[in-house]
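A.B. asks: dropping a prediction and its sequence here:
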Amino acid sequence: MDGELIREEFIDVDWKILKFSRSEYLSACDHFALQDRVMSEEVSDYRQFLRDLPQNFDTANDALDAWTEYEVPVEALP
């Protein structure tokens, strides 16, 4: 294997699927938004990035590509 690309796939996603996944990730880190918790700047930025996906990208595929490249804070992972 040694880092050799075996297969490359392109998946066409639509906004419905992307928004569902985005909602799941936002829900997973909602507890950071509670009054008695302190949210790190990284988590806050990540949540804002997710909320802004539909406004910032013309297609769901472009949004998914950007999300894939975003460095997600470890504490924000579900």
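C.D. replies: The structure has been received and is ready for your questions. Numbers count the residues shown, from 1 in each chain.

A.B. asks: ranges for the helices of this protein?
C.D. replies: 15-28, 41-56, 60-69 (DSSP state H).

A.B. asks: what's the closest non-adjacent residue to the residue nearest in space to the middle of the chain?
C.D. replies: In the chain, the residue lying closest to the centroid (CA atoms, centre = their mean) is residue 67, at 4.7 Å. In space, and not counting its chain neighbours, residue 67 is closest to residue 53: 6.8 Å by CB to CB, 6 or more residues apart in numbering. Glycine gets a C-beta too; all of them are placed from N, C-alpha and C.

A.B. asks: any idea how far residue 42 is from that neighbour?
C.D. replies: 17 Å (CB to CB, to the nearest Å).

A.B. asks: of the two, who's got more company?
C.D. replies: residue 53 (18 against 14; other CB atoms under 10 Å).

A.B. asks: in contact with that one, which residues?
C.D. replies: 18, 22, 63, 66-67 (CB atoms under 8 Å, 6 or more residues apart in numbering).
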